[in-house]
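# Provided below for reference: sequence and predicted model.
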Amino acid sequence: MNAWARSLLRTALAGVLLALLGACGSLPPARERPAEHAAAADPGTALAKIAAASTPPGEHSGFRLMPLGVYSLDARLQLAQRAERSLVVQYYQLENDATGRLLLRTLREAAARGVKVRVLVDDLYTVKSQQLLLALSETPNVSVRLFNPFCCARDGFLSRFVVSIFDIHRLNHRMHNKLFIADGAMAVVGGRNIADEYFVLSEAQNFIDMDALVVGKVVPQLESIFDAYWNSDQIWPIAEIVRKEAGAATFDAEIGMSGPPPKVVLPPSDILGYGPIAEELDGGRMGLLWGEARAIADPPSKPTTLTAEDAIATSVTMKVWALLLDAKTEVDLTSPYLVPGERGMAAFEDLAKRKVKLTLLTNSLAANDEPLVHTGYARYRERLLKGGADLYELSPQRTTASMRFGSFGNSLGRLHAKTAAIDKTRIFIGSMNLDPRSASQNTEMGVVVDNPQLAREMLRIIHVSKLQNSYRLRLSKEGGTLEWLTNDGEKEVILTSEPESGFFQRLYNTLISPLVPEMLL
């Protein structure tokens with residue numbers, strides 16, 4: 001037996017052994033703990049006073065769209081720095097990188113002022129951040145919990161799954177929510193996780209995304225959603241799951257609390273003409289767009305306490321589909337993963353029959369960070385175009401060149417925003433992708449707002465993304481094959497294969513596409 005074969009055998013045996021060990025691995029018994037609920041917002045806090053001073057008589061909820069990543073990061077930092085009573089933080093991903101460290105440092109400083117801080121993170125991507133989160137949880141006034149955690153072999157992404165091979169059904173259920181609330185008075189909702197690439201601060205890849213700053217009557221709804229997760233059976237305190245590494249540095253030493261925090265460089269204005277929020281907060285009043293709003297979210301137990309069909313039927317996904325089907329004139333939708341399925345295609349075709357104009361923006365193959373998901377989307381492109389949809393795919397090269405959403409440098413530009421504008425009067429913004437996983441497995445959340453001016457701003461952002469950052473798709477007149485159109489100056493350029501992608505990347509997706517069941521995407 002040669003060395004390569006021996007190595008392969010050892011690897012296989014190790015995998016079998018780990019799988020056997022996984023049969024014995026389990027989470028610690030859930031302990032009884034009293035339910036915690038957010039207190040009513042204190043009207044005497046600075047943030048509550050600003051919200052009150054900014055609210056016109058009789059208005060419901062106020063919004064500021066934040067398409068620029070660094071503005072959205074700064075908004076979270078500003079709210080954390082000004083909080084006096086409470087901070088709730090809920091994310092699918094919170095990385096141990098410059099952005100994650102900066103936010104956690106700001107949370108630690110708030111806790112030192114006496115602010116009650118609750119942090120809830122999905123456990124899928126905590127390999128690198130778990131020790132940092134554990135150290136933060138040892139800070140007075142801070143609680144950190146994990147959603148649906150892995151029991152064992154926690155220091156490697158793959159090892160977590162190998163030893164949990166008999167628990168995959170549970171672990172396939174992830175919390176995709178994104179939420180940040182300060183003093184029960186102001187919130188940030190949308191599509192961004194906490195990592196460099198979501199705020200255009202990564203050297204490798206960066207996302208076009210969308211968040212909104214929120215005040216008003218919808219904020220208590222958002223806080224109630226957070227409390228439902230915080231008190232659910234799917235949550236474990238991090239100290240019951242993660243073991244402290246021997247010789248691990250303290251939180252203060254790890255973050256570098258002794259020095260000044262790093263500065264986030266902010267341009268004077270964003271694509272909508274807004275500046276950073278600090279000046280308005282300092283002035284005691286914010287200019288916001290107001291409208292009737294409601295928060296929507298999946299239950300934390302989805303799909304563990306529901307049948308697969310019931311989980312889909314009651315999901316955020318189906319609530320958004322209901323909004324789309326209620327459209328009278330037009331729907332403009334962005335989703336990084338766009339796998340409508342037969343049910344979704346039937347809805348799109350219903351819109352076409354009623355002469356509702358449909359515009360869709362998603363990732364190209366070159367921009368997609370999940371190439372397998374692109375295979376699910378590609379199955380529907382021709383049907384979408386034949387049905388009359390205007391279809392656009394984000395171009396990494398054009399996104400980098402336009403700089404409308406920040407300086408991407410040499411990084412790869414991708415789409416991550418999950419938004420919809422309906423009839424130029426209503427918007428959705430949240431965490432939900434238009435794909436099977438969002439419908440059946442992940443928990444999702446978002447807000448629905450009725451306000452024509454806010455819808456116009458959303459459409460302006462989508463319009464810029466379409467014209468300056470994307471390819472427009474069409475079917476050729478000869479043969480009906482796919483074509484990708486873009487403008488190079490005044491000249492129209494027509495491409496006939498997946499743009500900006502290599503031969504082997506295209507070949508791989510072509511070969512793998514028939515083999516991947518849609519429900520796994």
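Arrived safely, thanks for sending.

# and the residue positioned nearest the centre of the chain, how far is that from residue 415?
Nearest to the mean C-alpha position of the chain, by C-alpha atoms, centre = their mean, lies residue 191 at 3.4 Å. Separation of residue 191 from residue 415 (C-beta to C-beta, to the nearest Å): 10 Å. In short, each C-beta sits where N, CA and C put it, glycine included.

# repeat that for residue 37.
36 Å.

# how many residues are close by residue 111?
Other residues lying near residue 111 total 20 when counted by other C-beta atoms under 10 Å.

# kindly report the same for residue 494.
Residue 494: 10 neighbours (other C-beta under 10 Å).

# residue 487 is in contact with that one, correct?
No - the pair residue 494 / residue 487 is not scored as a contact, 10.8 Å apart, by C-beta atoms under 8 Å.

# contact partners for residue 482?
381, 382, 385, 473, 474, 475, 476, 496 (C-beta atoms under 8 Å, 6 or more residues apart in numbering).

# filter those residues down to the buried ones.
381, 385, 473, 474 (16 or more other C-beta atoms under 10 Å).

# pLDDT for those - can I get that in JSON lines?
Formatted as JSON lines, the buried ones among the contacts of residue 482 follow (pLDDT from 0 to 100):
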{"residue": "381", "pLDDT": "96"}
{"residue": "385", "pLDDT": "97"}
{"residue": "473", "pLDDT": "98"}
{"residue": "474", "pLDDT": "97"}
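
# redo those as a markdown table? Include secondary structure.
Output for the buried ones among the contacts of residue 482, formatted as a markdown table (DSSP: H, G, I helix; E, B strand; the rest coil):
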| residue | secondary structure |
| --- | --- |
| 381 | helix |
| 385 | helix |
| 473 | strand |
| 474 | strand |
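
# quick one: which of those is nearest residue 367?
For the buried ones among the contacts of residue 482, the minimum distance to residue 367 (C-beta to C-beta) is 13.6 Å, reached by residue 473.

# list the contacts of the closest one.
381, 385, 391, 392, 393, 482, 483, 484, 485 are the contacts of residue 473 under C-beta under 8 Å, 6+ apart.

# which of the residues in the helix or strand that contains residue 318 are buried?
Element membership for residue 318 (DSSP states H and E) is helix 316-325. By neighbour count with 16+ other C-beta under 10 Å, helix 316-325 contains the buried residues 316, 317, 319, 320, 321, 323, 324, 325.

# next, format these as JSON lines and append pLDDT and distance to residue 178.
Output for the buried residues of helix 316-325, formatted as JSON lines (pLDDT from 0 to 100; distance: C-beta to C-beta, whole Å):
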{"residue": "316", "pLDDT": "96", "distance to residue 178": "13"}
{"residue": "317", "pLDDT": "95", "distance to residue 178": "16"}
{"residue": "319", "pLDDT": "96", "distance to residue 178": "17"}
{"residue": "320", "pLDDT": "96", "distance to residue 178": "16"}
{"residue": "321", "pLDDT": "95", "distance to residue 178": "21"}
{"residue": "323", "pLDDT": "96", "distance to residue 178": "19"}
{"residue": "324", "pLDDT": "95", "distance to residue 178": "21"}
{"residue": "325", "pLDDT": "95", "distance to residue 178": "25"}
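
# now the helix or strand encompassing residue 485: how far from the chain's centre is it?
For residue 485, the enclosing helix or strand under DSSP H and E is strand 482-488. Taking C-alpha atoms, centre = their mean, to the nearest Å, the mean C-alpha location of strand 482-488 is offset from the chain mean by 29 Å.

# how about stretch 396-403?
Computed by C-alpha atoms, centre = their mean, the chain-centroid distance of stretch 396-403 equals 21 Å.

# now, which of the contacts of residue 482 sits nearest residue 174?
Of all the contacts of residue 482, residue 381 has the smallest distance to residue 174: 27.4 Å, by C-beta to C-beta.

# show me where the stretch 151-300 of the chain has helices.
Ranges of helices in the stretch 151-300 of the chain, per DSSP state H, counting those that start in this stretch, are 157-162, 168-171, 218-230, 251-255, 278-283.

# what mean pLDDT does the fourth one get?
Translated: helix 251-255. Averaging pLDDT along helix 251-255 yields 86.

# rewinding a little: what would the contacts of residue 482 look like in a markdown table with distance to residue 173?
Shown next, in a markdown table, are the contacts of residue 482 (distance: C-beta to C-beta, whole Å):
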| residue | distance to residue 173 |
| --- | --- |
| 381 | 30 |
| 382 | 33 |
| 385 | 35 |
| 473 | 34 |
| 474 | 39 |
| 475 | 39 |
| 476 | 43 |
| 496 | 41 |
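
# the domain parsing of the chain - what is it?
Per automatic domain parsing, the domain ranges recorded for the chain read 32-283, 298-520.

# just give me the lowest mean pLDDT stretch among these.
Among those, domain 298-520 scores lowest, with a mean of 91.

# and the strands in the stretch 151-300 of the chain?
Using DSSP state E, counting those that start in this stretch, the strands found in the stretch 151-300 of the chain span residues 178-182, 186-190, 205-208, 211-216, 235-237, 289-297.

# could you dump the ones you listed to TSV with distance to residue 172 and mean neighbour count?
Listed next are those as TSV, based on distance: least, C-beta to C-beta, whole Å; neighbours: other C-beta atoms under 10 Å:
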stretch	distance to residue 172	mean neighbour count
strand 178-182	20	27
strand 186-190	25	27
strand 205-208	24	26
strand 211-216	27	26
strand 235-237	17	18
strand 289-297	19	20
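
# neighbour-wise, which of residue 37 and residue 415 wins?
Neighbour count, other C-beta under 10 Å: between residue 37 and residue 415, residue 415 has more, with 29 against 13.

# OK, contacts around that one?
207, 208, 334, 336, 361, 362, 363, 367, 394, 465.

# which phi and psi values does residue 330 adopt?
With angles defined as degrees, to the nearest 10, residue 330 sits at phi -160, psi 150.

# how about the contacts made by the residue lying closest to it once chain neighbours are set aside?
Among residues not flanking residue 330 along the chain, residue 357 sits closest, at 4.2 Å (C-beta to C-beta, 6 or more residues apart in numbering). Neighbour list for residue 357: 329, 330, 331, 390 [criterion: C-beta under 8 Å, 6+ apart].

# let's see if you can find the most crowded of those.
Ranked by the number of neighbours (other C-beta under 10 Å), the contacts of residue 357 place residue 331 first, at 23 neighbours.

# that one should be in a strand, yeah?
Yes - counting by three-state DSSP, residue 331 is found in a strand.

# what bridges to it?
Residue 331 has these beta-bridge partners by DSSP bridges: residue 358, residue 422.

# my read: it touches residue 424, true?
No - with contact defined as C-beta under 8 Å, residue 331 does not count as touching residue 424 (10.3 Å).

# touching, residue 141 and residue 118? I think so.
No - counting by C-beta under 8 Å, residue 141 stays clear of residue 118, with 9.8 Å between them.

# who has more neighbours out of those two?
Neighbour count, other C-beta under 10 Å: between residue 141 and residue 118, residue 118 has more, with 21 against 17.

# can I assume that one sits in a helix?
No - if the criterion is three-state DSSP, then residue 118 is strand and not within a helix.

# measure it to residue 136 for me?
In terms of C-beta to C-beta, residue 118 sits 11 Å off from residue 136.

# pull up the overlap in contacts between these two.
residue 142.

# contacts only, for the residue lying closest to residue 302 once chain neighbours are set aside.
Sequence neighbours aside, residue 311 is the residue nearest to residue 302 in space, at 5.1 Å (criterion: C-beta to C-beta, 6+ apart). Shown in contact with residue 311 (C-beta under 8 Å, 6+ apart): 302, 303, 439, 440.

# which ones are touching the last one?
Under the criterion of C-beta under 8 Å, 6+ apart, the neighbours of residue 440 are 303, 308, 311, 312, 315, 519.

# taking those residues, please make a PyMOL selection of just the buried ones.
Command for PyMOL that selects the buried part of these, burial taken from 16+ other C-beta under 10 Å:
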select buried, resi 303+311+312+315
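
# filter the contacts of residue 440 down to just the ones in helices.
Per DSSP state H, helices hold the following members of those: 308, 311, 312.

# which one among these gets closest to residue 233?
Of all the ones in helices among the contacts of residue 440, residue 311 has the smallest distance to residue 233: 16.0 Å, by C-beta to C-beta.
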